Structure formats: structure tokens, C-alpha cells
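Participant: what follows is a predicted structure for the sequence shown.
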Amino acid sequence: MAFHKIDNDSVNSITNALDFFRIPPTNVSVSSSKVFELLPSNPLTDTPYHFKLHSSQNYIDLSKSYLLTEFRIRKENNNGQLVDLTVDDADIAPIQMIGQTFIRNIKMSINGREIFNANSLMAYKTYFSHELSYSTTAKDSHLNAAGYYRDMGDALEIGNGFIARRNLFAGSNVAQFIAKIDTDLFNQPLYLINFCELDIEILPNDNAFVLIAPSGGRYHFEVVGLKMYVKKVSLMDGLALDIARKLEVKPVRYAVRKTMMKSMFISQGRYEFTANMFMDQIKHEPVHSSVKASVAERAIRNVKQRLYRYFAEKETLNWVDAVQKIVDGINSSPSRVHGMRPIDVDFSNAQKVWKRMYRPLSFSKKTPRFRKDEFVRMSREKGQFEKGYLPNYGDEILEIDEVLKAVRPIRYKLRDEHGEKFKGSFYDQELARVRKDAETSYRIEKVYRKRKRTDGTTEMLVKFIGYPTREWIHESQLV
């Protein structure tokens, strides 16, 4: 039968329905596979959550690993007790795709070496990747298992998506979700080789982040259940031996696509921005500007620091009476950069000041800023675009447990008042020296109960800001 091609360069082909004499290929690499359930190694009341995949002869299919979560929402009554939601609590729901966005940070280690550490923007990264990469059909179907319900309106507090998520948690019902682990290593198709110990640390977000709720209520987002399902694969003996012999002469390689969200701050009045995103490959400066605002930013910082000391000493927030005195004091104080007072700098000695500021750097041996057993406060992590004059340090008073002088820059190990050591080490810029004695005052977050003593005085059960436990204090201890 004759036929005519539209394009003579087109090759001939036949339909697969006529391929009678060939059968599909057979997988001769995998002998068996099983899905294992893993529980966190620590209680759900303690964060972060830890999962450990112990070393075995099985390979791990990370792309088929899932996180099963169970959540519920409860509220705090006037007595500080957690109770179930009622019909009056109709305007509270979790954020979008709560099965994954409840995670603030994930850390992963293989055989004790850290290979992945997301930042505190993990929830934003997960939300944007699913919102921009998946079709409407996927969002309205299988992504519901992870808690995604598409928002139709312009606001998050209304619409079908908000109502669907709200109904899941009505009456403090326990809602169950299952989702993939959205990290680089889990998003690639290769198996994790055998005899590797994998540690996964999951840090959840706080209540204020994961809940869309009225400002008046005190609602708590509880993690009731948390499990990980991992697919382990057993290879054919001959293939496993061939891979083992290959590993003796050549390391295994994983091609991962690393995605991470970074927070950038552009101050008011700036018209240029430099982001060193690819400086490992590009050795030239992509953006350069001779105009910087660092001097002005440092001056503003000095004023803010002295203002807060004034606030703390005078127990007031009235800055009008003190700001001019503070500015005069700064202008009359020698600068540690060039050794002169700002009021003494003019055009006649500007060149001399410039040479002092930009002279060749000399590195001298630095002494530790803090000593062992000194009391300090730790800097707190600020939210995105958060500004203010209040201090960037927490209220809990800690002690220096160890000074790491051998490393540069010098770092410090910390412990709390109960002797429990903090994980990791801290730079001196993250700490502030404080005094702790009988005159030290602590800010009270909430008073829970009051009771009368036998002598007629009153005791109160309070919780201090920055401290996890509640304590009874005498009324005479209040200031």
C-alpha cells in the first residue's frame, strides 16, 4: 500500500501494539523490598525530633520515604489548662500544607557527618516549591494528603481552602497527614548505599507561625503522632558484591539539586544590592557601589544601644528626654576605630582619619571576651523584617561552660542553671555578659495562681519569660 509522507526527513515507525515478538525488560537488580516504620528516638514533648536509620546491608530508597503526622489544635483557658475547641472557635485553622510546613528546619547526618542543614525558612521553601511547581489537578487531589487545600480568595482567613483545613481540626479532632520529606537528598532517585547510618533532626515551627487564629485566644498546635516510613531494598548478591568492589576504588556520587531560601534585608534609602550567590564559580564582583550606608547604620545602632540602657535603668520608654544627651555623649567619646572624637573630625584632618581607618590590617592574638562560669544571655533569633529598639537577647541567664580557645574565631559552650549543656557552640557576638545576684530581676510572663500562706501572706505561681518551668514566689519578691 502506497503512502505519502508530509516530511521526507521523518523516519519510519510502527505502533507498539504490533510488537508481538518482544517482552518488557525484567528487573534483575532487586531481590526484595520492604517498607519500615520508624518512630522518633525522643518523646514528642521534646523538640527537635530525632530519627535514626541504623546501618544495615539494605539500600534505602529515599525518594519513597514519607513522614506521617498527627496534629490537633487546643486552646488554653483562664486557668492555664489546655481544653478542646468549641463551636465558638470557628476561625482557627493551620497554614497551608501543614504536613510539611510545620517543619522549621531539618538537619541530616550520614555516619556522623552533617550533609544537610536547612535554615529557618524551610516552611517557606516547601510552600513556594509546591505552589509554583504542581498543577491544579495535583493540588486538588493527592496534595490533600499533606494538608494542601487550595485558597480561592485574596485572604488566608476566608475561602474554601481555609474552611476545609478548619473542619479537619474542629472540636480538637486529630488530623492525620502524610507527605514526602522535602530535602535535597530525598528528592533524587538514587538509593542510599548500605552500611550508612542516617540521622535526621526535625525542628518544628511555633504556634504563632503554624496557626491562623484570632489574636485574642491562646491556641496550641500539638504534634500527637510522628512516624517515618522508609523503603529498604535488598539487591541481588552478585550485584551487591560488584558495587562493593567498585566502592573500593571509586566513591559513590549523588547528583542533587540544592534549593534553599535566604532572607535578605535592604535598608531604607538603598538603591543597589549585592548577593554573592555563585561566587564559588564566578570570581569577579558582579555588583559594585562606592556608596555604602554602613557608617550611618553603625551610628543608629550606637544610639539604640544607649537608649535601651537608659530604658532599663529608668524603667521608662520615653526617649525624647534622653536622645540629645546620648547623641552628645557619642560625639564626645573617642572612636575605637580611629581613636578620635567625632566632634574633632573636620576637613583639615580628614585624610589622617581615612588612613587610620583603612590602614593595612594586622591580626593579633585575640583574648576571650568571656571567662568560664561567667553569666551571659544568648541572642534570640529575630523574625523576618523584624525591627525595634528592644534588646536582641533572651531573658534566660546562662553560664559559660567551656571556652574553645583553639578555634578561630573563639567560641563558647553554654549550660543552664540546672547544669544541662547546650548543643553546639556560640560566638561572642551571640552572647551578652550579665550580672546575677540577689538584686537581679526577672520579667514575669504570666501569673497562674495565688494562694495564702499560714502567716497570711500570698504566694503566686508564675512563669518567667525565657524559662520553661513555673515557680512559686512570695509577694515580697515582686518589684
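Facilitator: Perfect, I can see it now. For clarity, every value in this text was computed on a predicted model and none was experimentally measured.
Participant: quick one: pLDDT of D346?
Facilitator: pLDDT, D346: 86.
Participant: neighbours of it, how many?
Facilitator: When neighbours are counted by other CB atoms under 10 Å, D346 registers 8. For the C-beta atoms, the positions are set from N, CA and C on the backbone; glycine is no exception.
Participant: where does it sit, in terms of helix or strand?
Facilitator: For D346, there is no host helix or strand (DSSP states H and E).
Participant: next: E70.
Facilitator: strand 59-76.
Participant: next one: Q351
Facilitator: Per DSSP H and E: helix 350-357 holds Q351.
Participant: same thing with V403?
Facilitator: Assigned by DSSP H and E, V403 falls within strand 393-404.
Participant: could I get the average pLDDT for that strand?
Facilitator: pLDDT averaged over strand 393-404 gives 84.
Participant: can you pull out the residues in contact with the helix holding Q351?
Facilitator: V337, H338, G339, M340, V345 (CB atoms under 8 Å, 6 or more residues apart in numbering).
Participant: and it, average pLDDT?
Facilitator: pLDDT averaged over helix 350-357 gives 82.
Participant: buried ones in the longest helix seen in the chain?
Facilitator: Assignment by DSSP state H gives helix 294-314 as the longest helix of the chain. Using 16 or more other CB atoms under 10 Å as the test for burial, helix 294-314 gives N302, V303, K304, R306, L307, Y308, Y310, F311.
Participant: quick one, that helix and helix 350-357 angle?
Facilitator: Inter-element angle recorded for helix 294-314 and helix 350-357: 80 degrees (by axes from the mean of the first three to the mean of the last three CA atoms, to 10 degrees).
Participant: please export the C-alpha coordinates of helix 294-314 as CSV.
Facilitator: Extracted as CSV, the C-alpha positions of helix 294-314 are listed here (Å, rounded to 0.1, in the frame of the first residue of the first chain):
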residue,chain,number,x,y,z
SER,A,294,27.4,51.1,57.0
VAL,A,295,28.6,54.3,58.8
ALA,A,296,25.0,55.5,59.2
GLU,A,297,23.8,52.1,60.3
ARG,A,298,26.5,51.9,62.9
ALA,A,299,25.6,55.3,64.3
ILE,A,300,22.0,54.3,64.5
ARG,A,301,23.0,51.1,66.3
ASN,A,302,25.0,53.1,68.9
VAL,A,303,22.1,55.4,69.6
LYS,A,304,19.7,52.4,70.0
GLN,A,305,22.1,50.5,72.4
ARG,A,306,22.5,53.5,74.7
LEU,A,307,18.7,54.2,74.5
TYR,A,308,17.9,50.8,75.8
ARG,A,309,20.4,51.1,78.7
TYR,A,310,18.5,54.3,79.6
PHE,A,311,15.2,52.5,79.3
ALA,A,312,16.3,49.6,81.6
GLU,A,313,17.9,51.9,84.2
LYS,A,314,15.0,54.4,84.4
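Participant: helix or strand right after it?
Facilitator: helix 320-331.
Participant: what angle separates that following helix from helix 294-314?
Facilitator: 130 degrees.
Participant: now do the buried residues in helix 320-331.
Facilitator: For helix 320-331, by 16+ other CB under 10 Å, it's A322, I326, I330.
Participant: list the contacts of the second one.
Facilitator: Translated: I326. Counting by CB under 8 Å, 6+ apart, I326 has contacts V303, R306, L307, Y310.
Participant: so how far is V295 from it?
Facilitator: 18 Å (CB to CB, to the nearest Å).
Participant: what of the last one?
Facilitator: Applying CB to CB, one obtains 13 Å for the distance of I330 from V295.
Participant: just the strands in the stretch 351-479 of the chain please.
Facilitator: 375-379, 393-404, 411-415, 426-427, 431-433, 444-452, 458-464, 470-474 (DSSP state E, counting those that start in this stretch).
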